[in-house]
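Enquirer: Sequence first, predicted coordinates after that:
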Amino acid sequence: MEKVLVAGATGFLGRHVVKALKKEGYHVSVLVRNKDKLKRRGNYMEPAIDKEVDRVITAEITKPITLEGVCEGIDYVFSSVGITRQRDGLTFHEVDYEGNTNLLREAENSNVKKFMYIHVLRGDVFEGPMTEAKEKFAKELIRSKLVHLVIRPTGYFSDMTEFLNLAIKGRAFLIGKGINKLNPIHGEDLAKFCVESFKLYSSEVLDVGGPEILTHQQIAKMAFKVIGEKEKITYLPTVLFPPMLKVYKMINKQQYGIFLFFYQGMTQNMIAPKYGSLSLEDFFVQYLNKKIATHSPSKSI
């Protein structure tokens, strides 16, 4: 039985990957900071995975001393470690680059067969601290002696819930005319793609997206359709954003990096080879039902 170490197991994609690996018969070890999170479902309906895990390793990826020996006996390493909304004072460079590099060094020392890293589509051309840190690590991995699998997905369905949340508040905001296209992917479909890719013998950089190509306008309209309300969409001129980004950069570099990433993603096409079968509209319906159930007052018996 081949053994896989999953770093980022409690994140949106990591949970789905653990479940997909276990389904395919792998021995699954997870590298986490807080093992209690394994028992809870994620914010976007990702499964609890405590029953799917064979071994739990508690460590800090940014602290090399805590990683010593974590890859011993491991065949494959999977890492989706990276900052999105993390708020513990760490930078993109410290987590996305240095943290993953720490794990890579352990993998090299233990002669791991393959190392899979989750990057982002167009991460090699996007500007800003988030994508630059990810790209820097991707290059580090490609230079290493290990077989590398760099996966570059388009937006996740979880990211698309921002459209639904805006619709619930009464109005959606789009940058420009909302005509740029993307094919976002469900975490479950992406996890299947990742697990299938472990079977490749050679090093690869693989772009992947979901089965539906949609404009931002179509996604916004879909969100209003799902909540059953009339569309209210405001189109914001792109010229407004460069000055705003400069201010963000001076005030909060971490938020600037995230804002810049999403701005770049919304002002150009983000289309990758299609994969999977799960529908964004179905995901919106499920997410809405979850929000309603979560916020419904308890019924007295």
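Expert: Now that the structure is in, tell me what you want to look at. Numbering: from 1, shown residues only.
Enquirer: okay, CA-based contacts and neighbour counts for the rest of this
Expert: OK.
Enquirer: Mind jotting down where the helices sit in the stretch 101-250 of the chain?
Expert: 129-143, 157-169, 187-197, 216-227, 241-251 (DSSP state H, counting those that start in this stretch).
Enquirer: how about TSV for those helices, with distance to Val6 and mean pLDDT added?
Expert: Listed next are the helices of the stretch 101-250 of the chain as TSV, based on distance: least, Cα to Cα, whole Å; pLDDT from 0 to 100:
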stretch	distance to Val6	mean pLDDT
helix 129-143	16	95
helix 157-169	20	95
helix 187-197	12	98
helix 216-227	32	97
helix 241-251	33	81
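Enquirer: Export those helices as TSV, with columns for distance to Lys23 and mean neighbour count.
Expert: Output for those, formatted as TSV (distance: least, Cα to Cα, whole Å; neighbours: other Cα atoms under 10 Å):
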stretch	distance to Lys23	mean neighbour count
helix 129-143	27	20
helix 157-169	22	18
helix 187-197	10	20
helix 216-227	32	20
helix 241-251	44	13
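Enquirer: As TSV, those helices with distance to Phe261 would be great.
Expert: Output for the helices of the stretch 101-250 of the chain, formatted as TSV (distance: least, Cα to Cα, whole Å):
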stretch	distance to Phe261
helix 129-143	7
helix 157-169	12
helix 187-197	20
helix 216-227	16
helix 241-251	11
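Enquirer: which non-adjacent residue is nearest Glu231?
Expert: Nearest non-adjacent residue to Glu231, counting by Cα to Cα, 6 or more residues apart in numbering: Phe224, 5.7 Å away.
Enquirer: Provide a list of residues in contact with that neighbour.
Expert: 164, 167-168, 230-231 (Cα atoms under 8 Å, 6 or more residues apart in numbering).
Enquirer: buried set for stretch 59-70?
Expert: Neighbour-count burial for stretch 59-70 flags 59-62, 64, 67, 70 (criterion: 16 or more other Cα atoms under 10 Å).
Enquirer: same question for it, mean pLDDT?
Expert: Here stretch 59-70 scores 95 as its mean pLDDT.
Enquirer: And the contacts of it?
Expert: 31-33, 57, 94-95, 98-100, 102-103, 106, 110.
Enquirer: so how far is it off the chain centroid?
Expert: From the chain centre to the centre of stretch 59-70 is a distance of 22 Å (Cα atoms, centre = their mean, to the nearest Å).
Enquirer: what do you get for stretch 96-106?
Expert: Between the centre of stretch 96-106 and the centre of its chain there are 18 Å (Cα atoms, centre = their mean).
Enquirer: closest to His27 among the contacts of Phe224?
Expert: When the contacts of Phe224 are compared for distance to His27 (Cα to Cα), Leu164 wins out at 37.1 Å.
Enquirer: Could you measure from the closest one over to Ala172?
Expert: Distance from Leu164 to Ala172, counting by Cα to Cα, to the nearest Å: 8 Å.
Enquirer: Report the set of residues contacting both of those two.
Expert: Ala220.
Enquirer: Show me which residues of stretch 41-52 are buried.
Expert: Neighbour counts over stretch 41-52 (16+ other Cα under 10 Å) mark 42, 44, 46-50, 52 as buried.
Enquirer: Any idea how far apart the tips of that stretch sit?
Expert: Using Cα to Cα, the end-to-end distance of stretch 41-52 comes to 13 Å.
Enquirer: Check stretch 32-41 too.
Expert: 15 Å.
Enquirer: What lies in contact with that stretch?
Expert: Stretch 32-41 is contacted from outside by 7-10, 47-50, 56-60, using Cα under 8 Å, 6+ apart.
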